[in-house]
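*Asks:* give me coordinates for this.
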Amino acid sequence: MKWLNDFISLAFPRICVCCGNALWKNEEILCRLCEYHLPLTHFHTEADNPVTRLFWGRVQVEHAASFLYFNKGSKVQRMIHQLKYKGRQDIGRYLGHQYGCELAETASYKQPELIIPVPLHQKKEKQRGYNQSELFALGLSEVMKIPVGKKLLVRKKATATQTRKARFERFRNVNAVFTIPNPEPLNGKHVLLVDDVITTGATVEACALLLTAIPGCKVSVASIAVARV
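*Replies:* Residues are numbered from 1 along each chain as shown. The predicted structure follows:
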């Protein structure tokens, strides 16, 4: 068996998704060096942080935070690119596990009762084979012991890419594209709404506006990364 495992490792080497170097047996997804140098935000420890401020005066959000900083050309961008476009579903759950360990120890993030991922349009999800935000949500769920509410929030039509759009354009692009077919299970719930990368917050804002319109529904937010501003 050891010989077989060694042969598989030679034929299909396990490499770090950030730097491309070979992983040691006790490493997963990232090598120890890249894991050590992840640009952590620690925003979940701050009530007043840059992610929370994105929603001020726009939608009531109880708490908001992101795990990592996102910069163009960075290792984080490379990692998320592999998650979204290269079929590396394991990255989503891994990041969910990592951030879940942080959030589970934070008092404000012990309040949510349900995790809801920002949905993809069914056509895009079928093409990709999965929703990267849902994978992140599942990783969070496994650590935080909070169930994931699938299909409670639905994207009813596809939208144009958000790249290079200003905040208002982004909001207009996603406004009215989401729906909640059956709001009853969300009555009085505190929801943790999760996304992959937050840039202007327009997509999360559009989803949160729908959720907070349900009687007694509160929303907190968590994402894999947030773009530096």
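
*Asks:* C-alpha only now, for contacts and for neighbours.
*Replies:* Will do.

*Asks:* outline the domain layout of this protein.
*Replies:* As given by automatic domain parsing, the domain ranges for the chain are 10-38, 40-227.

*Asks:* please identify the most buried of those.
*Replies:* For the domains of the chain, the largest average neighbour count (mean count of other C-alpha atoms under 10 Å) is found in domain 40-227, namely a mean of 19.

*Asks:* next one: that domain to chain centre, how far?
*Replies:* On the basis of C-alpha atoms, centre = their mean, to the nearest Å, domain 40-227 sits 5 Å off its chain's mean C-alpha point.

*Asks:* quick one: mean pLDDT for that domain?
*Replies:* Taken as a whole, domain 40-227 has a mean pLDDT of 92.

*Asks:* gap between the two ends of it?
*Replies:* 12 Å (C-alpha to C-alpha, to the nearest Å).

*Asks:* and what of stretch 109-116?
*Replies:* One end of stretch 109-116 to the other measures 14 Å (C-alpha to C-alpha).

*Asks:* contacting residues around that stretch?
*Replies:* Stretch 109-116 is contacted by residues 63, 103-104, 134, 137, 141, 146-150, 152-153, 189-194, 220 when judged by C-alpha atoms under 8 Å, 6 or more residues apart in numbering.

*Asks:* mind checking which of those residues land in strands?
*Replies:* Taking DSSP state E as the definition of strands, the contacts of stretch 109-116 contribute H190, V191, L192, L193, V194, S220.

*Asks:* which pair of those residues spans the longest distance?
*Replies:* Farthest-apart pair in these is H190 and V194; separation 13.0 Å (C-alpha to C-alpha).

*Asks:* gap between R53 and P215?
*Replies:* Distance of R53 to P215, given as C-alpha to C-alpha: 24 Å.

*Asks:* hmm, I typed the wrong one, I wanted C16.
*Replies:* For C16, the distance to P215 - C-alpha to C-alpha - is 45 Å.

*Asks:* try A65
*Replies:* Going from A65 to P215 by C-alpha to C-alpha gives 24 Å.

*Asks:* what's the helix or strand for E35?
*Replies:* Assigned by DSSP states H and E, E35 belongs to helix 32-36.

*Asks:* ok, residues contacting that helix?
*Replies:* Contacts for helix 32-36 (C-alpha under 8 Å, 6+ apart): C18, C19.

*Asks:* one more: stretch 117-124?
*Replies:* 131, 133-134, 137, 148-151, 153-158, 193-195, 204, 207.

*Asks:* do stretch 55-63 as well
*Replies:* By C-alpha under 8 Å, 6+ apart, stretch 55-63 touches 47, 52, 108-109, 201, 205, 208-209, 212, 218-221.

*Asks:* mind running it again at 10 Å?
*Replies:* With contact meaning C-alpha atoms under 10 Å, 6 or more residues apart in numbering, stretch 55-63 is reached by 43-44, 46-49, 51-54, 64, 108-109, 111-112, 190-193, 200-202, 204-210, 212, 218-222.

*Asks:* which members of those residues are positioned in helices?
*Replies:* Of those, the ones assigned to helices by DSSP state H are V51, T52, R53, A202, V204, E205, A206, C207, A208, L209, L210, T212.

*Asks:* now, among those, which is nearest to V226?
*Replies:* For the ones in helices among the contacts of stretch 55-63, the nearest to V226 is V51 (7.5 Å; C-alpha to C-alpha).
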